[in-house]
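Student: Show me the folded form of this:
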Amino acid sequence: MNTTTTPDNFRCGYIAIVGRPNVGKSTLMNQLVGAKVSITSRKAQTTRHRITGIQTLDDAQFIYVDTPGFQTRHSNALNNTLNKTVTNTLISADVILYLIEAGTFGPADQQVIDLLPSGVPVILVINKADRVKDKAALMPFAQEVASKFNFAAIVPVSAKLRFQLEALQNEIKRFLPENQPIFGPDDITDRSEKFLASEIVREKLFRLVGDELPYTSTVLIEKFEQEGDLRRVFAAILVERDTHKSMVIGNKGARLKEVSTQARLDMEKLFGGPVYLEIWVKVRSGWADNEAGLRAYGYE
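Tutor: Coordinates of the predicted model:
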């Protein structure tokens, strides 16, 4: 809890970011916060957890909650858990950002609208507005979507290019309750560095290996140590089969090396110091038999 003196009219609240998979929720939150606290990938369902990003200004603290994309195609244990995370987040939010892609609205978008509560201000955020060639078509599209729900505001943005993000924050601030800040002024997330390290490795894994790798593949941080500014991270990528292990390692370990290098660079940028990263690939059913020779170093 932050004890710094703040103005009497200071605003603070939770902002849930929801939408179907791959509309740019994580990118939007990272841009609003100003740091990579939620991983991004073209692969749908990349975000599995409820991720919190925090930005504190002189007169307001924005606590963004990035949620998994609501899953409508398949009913299984993982998707049901992800969907429960989304609905629970909506109930507790002070403001909701409902994110869609400019020029695209389908059944999956409608199914997320059907989840939106009536008692919480919902801002329609039309992302990737820069990609619309005919700008005149954007207004009719926005009006069509707006007819489906009583939105508190409509803001077209480009999260990637930071277009209209200040305007979006001004709209959000209008609906935040007057509260003292919950987090410190320098906090950017409520997640630990250990958790962020595992997410960064997972992001690089899915980006570089592609769609062939199942969602059940996970990353476990087995050891996280700090010596001064240096962080030593020992991670295990857990896969289901030897064939998946080969995908991750690549030819002569090249793919695993690239995963490790890119992950290390992102960690160093986020943590603000050098990182020694060591990654092993392990098959879930037989870790002890599948370790030899699978080490990649991301810090020399």
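Student: what's the domain layout of the protein?
Tutor: Domain assignment for the chain by automatic domain parsing gives 11-175, 193-297.
Student: as a whole number, average confidence for the longest one?
Tutor: Summarised as a single mean, pLDDT over domain 11-175 is 83.
Student: Same check on the last one?
Tutor: Averaging the model's pLDDT scores along domain 193-297 yields 83.
Student: and residue 55, helix, strand or coil?
Tutor: strand (DSSP: H, G, I helix; E, B strand; the rest coil).
Student: May I ask which helix or strand encompasses the closest residue to it other than its chain neighbours?
Tutor: Distances taken as C-beta to C-beta, 6 or more residues apart in numbering put residue 62 closest to residue 55, at 4.7 Å, once the chain neighbours are dropped. In short, each C-beta sits where N, CA and C put it, glycine included. Residue 62 belongs to strand 60-66 when assigned by DSSP states H and E.
Student: list the helices and strands that strand packs on?
Tutor: Applying 3 or more C-beta pairs under 8 Å, 6 or more residues apart in numbering; DSSP states H and E, one finds that strand 60-66 makes contact with strand 11-18, helix 25-33, strand 51-56, helix 165-175.
Student: Next, the angle from the first one to helix 165-175.
Tutor: It refers to strand 11-18. Compare the direction of strand 11-18 with that of helix 165-175 by axes from the mean of the first three to the mean of the last three C-alpha atoms, to 10 degrees and you get 120 degrees.
Student: Same check on the second one?
Tutor: Taking the same axes, to 10 degrees, one finds that helix 25-33 is oriented at 90 degrees with respect to helix 165-175.
Student: Can you tell me which of the helices and strands packed on strand 60-66 is nearest to residue 181?
Tutor: Across the helices and strands packed on strand 60-66, residue 181 has its closest neighbour in strand 11-18 (5.2 Å, C-beta to C-beta).
Student: for that closest one, packing partners?
Tutor: Strand 11-18 packs on helix 25-33, strand 60-66, helix 77-92, strand 95-101, helix 165-175, going by 3+ C-beta pairs under 8 Å, 6+ apart.
Student: Let me see the backbone angles for residue 8.
Tutor: Backbone torsions for residue 8, taken as degrees, to the nearest 10, come to phi -60, psi -30.
Student: Please name the residues that touch it.
Tutor: residue 178 (C-beta atoms under 8 Å, 6 or more residues apart in numbering).
Student: now residue 93
Tutor: Here residue 93 is in contact with 13-16, 65, 120 (C-beta under 8 Å, 6+ apart).
Student: hmm, 7 Å instead?
Tutor: 14-16, 65, 120 (C-beta atoms under 7 Å, 6 or more residues apart in numbering).
Student: Any of those residues buried? List them.
Tutor: 14-16, 65, 120 (16 or more other C-beta atoms under 10 Å).
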